[in-house]
Each structure stands twice: as structure tokens, then as C-alpha cells.
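A.B. asks: got a sequence here, can you build the structure:
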Amino acid sequence: MLRITRVDTLDDQTLDIELSNGHLILFNMTALLNNDPAFTTLRQRIPLPCPKTDGDHIRWRGGPQIGLDEILGMIGREDAEAESGRQEQ
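C.D. replies: Got it, this is the predicted structure:
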């Protein structure tokens, strides 16, 4: 089963996520920070505080959390939208 082994912040909007299979995800949180009410508290805390992981979720103390399944789903949708845009051109 795929798990998060490490998470760090790179800047005020990007997470560096390491998975148990050795893959790294550079996850841009701009959409969450701007559009998800649960993440409003983080938008007000610059620099972005470093989160913790339990392997399944990324959590900020006193703040929101996001699951690995949600992250992978968001990445999958972005990839599909980008591919669709390339095919239309």
C-alpha cells in the first residue's frame, strides 16, 4: 500500500512529498489555499508551516489535513485536463 514517508514545505505554496515507493511529488497548493475554506487559516500563515504525516494524511497542527488519495486525485485531474488541452490544439 502506498504511503507518505516524508513531507516538507518548499515555499509558500509547494509541498515536497516522498512516497513509500520512492517517488516524489511536488504538490502546488495554490488552488487549495485560494479555494478551499478549510485551508484559509494556512493562507494567513506565511511562510507556510511545515506539516506532519501519519502515512495516509498530511496535517497541520491546529489546521487542515489532506489525504494521499485526495492529492493523487487532484494530480490525476490536472494531468487529464492538461492532456485534453493538448489534444484540442
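A.B. asks: in the protein, which spans are strands?
C.D. replies: Ranges of strands within the chain are 4-9, 14-19, 24-28, 52-53, 57-59, 65-67, based on DSSP state E.
A.B. asks: quick one: closest of those to residue 37.
C.D. replies: When the strands of the chain are compared by Cβ to Cβ, strand 65-67 sits nearest residue 37, at 13.5 Å. Bear in mind the C-beta positions are built from the backbone N, C-alpha and C, glycine included.
A.B. asks: point to the residue nearest the middle of this protein.
C.D. replies: residue 27 (4.4 Å; Cα atoms, centre = their mean).
A.B. asks: that one contacts residue 14, doesn't it?
C.D. replies: Yes - the criterion here is Cβ atoms under 8 Å, and residue 27 meets it with residue 14 at 6.7 Å.
A.B. asks: quick one: the strands of the chain as a markdown table, columns for distance to residue 77 and mean pLDDT too.
C.D. replies: A markdown table is the format used below for the strands of the chain (distance: least, Cβ to Cβ, whole Å; pLDDT from 0 to 100):
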| stretch | distance to residue 77 | mean pLDDT |
| --- | --- | --- |
| strand 4-9 | 19 | 97 |
| strand 14-19 | 17 | 97 |
| strand 24-28 | 13 | 96 |
| strand 52-53 | 22 | 98 |
| strand 57-59 | 18 | 98 |
| strand 65-67 | 14 | 97 |
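A.B. asks: and residue 76, which of those is closest to it?
C.D. replies: It is, among the strands of the chain and with distance given as Cβ to Cβ, strand 24-28, at 11.8 Å.
A.B. asks: got the angle for that closest one vs strand 14-19?
C.D. replies: Compare the direction of strand 24-28 with that of strand 14-19 by axes from the mean of the first three to the mean of the last three Cα atoms, to 10 degrees and you get 150 degrees.
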